[in-house]
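S.K.: Predicted coordinates and the sequence they were generated for:
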Amino acid sequence: MLFDTHAHLNAVQYEDDLIEVINRAKEEGVEKIVVVGFDRETIMRAMELIEQYEFIYAAIGWHPVDAIDMTDEDLNWIRELSSHPKVVAIGEMGLDYHWDKSPKDVQKEVFKKQIALAKEVKLPIIIHNRDATADVLEILQSEGAEEVGGIMHCFTGSIEIAMQCIDMNFYISLGGPVTFKNAKKPKEVAAEVPMERLLIETDCPYLTPHPFRGKRNEPGYVRYVAEEIAKLRGITVEEVGRQTTENAKKFFGIS
């Protein structure tokens with residue numbers, strides 16, 4: 001029983017073999033998947049997938065790298081789509097200081113607008129953070145994101161930062177990097193973060209776990225994330241699967 005809380009099955013990388021990818025996920029025990037749309041094209045595809053597959057849900061938002069492209073019309077469109085019963089979160093949103101396509105002030109403005117929207121439509125948020133931890137935390141606090149809560153997607157920070165996020169009503173989601181040999185911080189977080197605040201994800205087609213690193217990622221590989229967490233905590237993979245699936249269903253409001 002596994003729940004991939006962050007997948008991009010709406011990516012072009014799955015155009016030729018999506019059905020096979022989904023079947024493999026099922027074989028690995030993946031029960032539910034949240035597909036994340038982060039611009040016009042990927043949001044539209046995510047909405048198509050939730051109509052096609054009973055066990056797929058959508059999160060819709062605007063990625064910080066593309067913040068400069070987002071219009072008020074886009075925001076209103078996300079607002080309208082958010083009423084769909086299988087849209088379970090707003091995001092991914094946040095800040096990305098690695099790429100310089102969108103100026104920092106524009107990223108911050110778009111981030112704040114999406115938090116306000118999430119509070120308006122009463123949905124939790126999914127956070128993308130790359131090289132911007134201090135500013136991400138400051139905005140989450142100043143904009144009252146605690147009200148809706150959220151996920152720190154593909155978390156790679158320290159256990160101290162993780163606990164700060166949990167105090168703000170956030171869950172910590174771990175992906176493929178936790179399986180990497182030299183991933184000191186993710187392994188510490190996997191071992192120490194409270195189980196009731198832990199989620200697992202693939203972020204596929206990116207961040208493929210060991211032993212498939214360098215190849216295309218897919219939801220079935222979330223099992224390797226669960227196995228690594230189980231090893232680090234000294235519990236069974238079934239326990240990790242059960243608890244993280246329970247956490248995800250509670251977070252997304254899926255019965």
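M.R.: Everything's here; your move.

S.K.: how distant is the longest strand along the chain from the center of its chain?
M.R.: Across the chain, the strand with the greatest residue count (assigned by DSSP state E) is strand 87-96. Put simply, strand 87-96 sits 8 Å off its chain's centre (CA atoms, centre = their mean, to the nearest Å).

S.K.: who does that strand touch, helix- and strand-wise?
M.R.: The elements that strand 87-96 packs onto, with contact taken as 3 or more CB pairs under 8 Å, 6 or more residues apart in numbering; DSSP states H and E, are strand 30-37, strand 56-60, helix 104-121, strand 125-130, helix 133-142, strand 150-152. Where C-beta positions appear, they are placed from N, C-alpha and C, glycine not excepted.

S.K.: which of those is buried the deepest?
M.R.: Most buried of the helices and strands packed on strand 87-96, by mean neighbour count (mean count of other CB atoms under 10 Å): strand 150-152, with a mean of 29.

S.K.: isn't Tyr171 right up against Ile151?
M.R.: Yes. In terms of CB atoms under 8 Å, Tyr171 counts as a neighbour of Ile151; the distance is 4.9 Å.

S.K.: Quickly list what's touching both of the two.
M.R.: Overlap between the neighbourhoods of Tyr171 and Ile151 consists of Leu199, Phe251, taking contacts as CB atoms under 8 Å, 6 or more residues apart in numbering.

S.K.: Can you mark which positions in the helix or strand where Ala46 lies are buried?
M.R.: Ala46 belongs to helix 40-52 when assigned by DSSP states H and E. By neighbour count, and taking 16 or more other CB atoms under 10 Å as the criterion, the buried residues in helix 40-52 are Thr42, Ile43, Arg45, Ala46, Met47, Leu49, Ile50.

S.K.: what's the helix or strand that contains Gly241 in contact with?
M.R.: When elements are defined using DSSP H and E, Gly241 is found to belong to helix 237-252. With contacts defined as CB under 8 Å, 6+ apart, helix 237-252 is touched by 1-3, 5, 29, 31-32, 34, 57, 88-89, 124, 149, 151, 171, 195-200, 223, 226-227, 229-230, 233, 254-255.

S.K.: now Lys112: how far from Asp105?
M.R.: When distance is defined by CB to CB, to the nearest Å, Lys112 is 11 Å away from Asp105.

S.K.: ok, now Asp203?
M.R.: In this structure, Asp203 lies at 27 Å from Asp105, with CB to CB as the measure.

S.K.: do Thr156 as well
M.R.: When CB to CB is applied, the distance between Thr156 and Asp105 equals 25 Å.

S.K.: got it, and Arg79?
M.R.: Separation of Arg79 from Asp105 (CB to CB): 23 Å.

S.K.: likewise Ile161?
M.R.: In this view, Ile161 and Asp105 are 24 Å apart by CB to CB.

S.K.: cool, Asn247 as well?
M.R.: The separation that Asn247 has from Asp105, given CB to CB, amounts to 35 Å.

S.K.: now swap in Glu54 and tell me
M.R.: According to CB to CB, Glu54 and Asp105 sit 42 Å apart.

S.K.: sorry, back to before: write a ChimeraX command that selects only the buried members of the contacts of helix 237-252.
M.R.: For anyone working in ChimeraX, the buried entries among the contacts of helix 237-252, judged by 16+ other CB under 10 Å, can be selected with:
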select :2,3,5,29,32,34,57,88,89,124,149,151,171,197,198,199,200,223,226,227,229,230,233
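
S.K.: pLDDT weak spots in the protein?
M.R.: Along the chain, the model assigns pLDDT under 70 to no residue.

S.K.: which residues in the stretch 151-255 of the chain form helices?
M.R.: Using DSSP state H, counting those that start in this stretch, the helices of the stretch 151-255 of the chain run over residues 159-167, 184-192, 222-233, 237-252.

S.K.: and the ones you listed, which is most packed in?
M.R.: Per-stretch averages of neighbours, counted by mean count of other CB under 10 Å, single out helix 222-233 among the helices of the stretch 151-255 of the chain, with a mean of 22.
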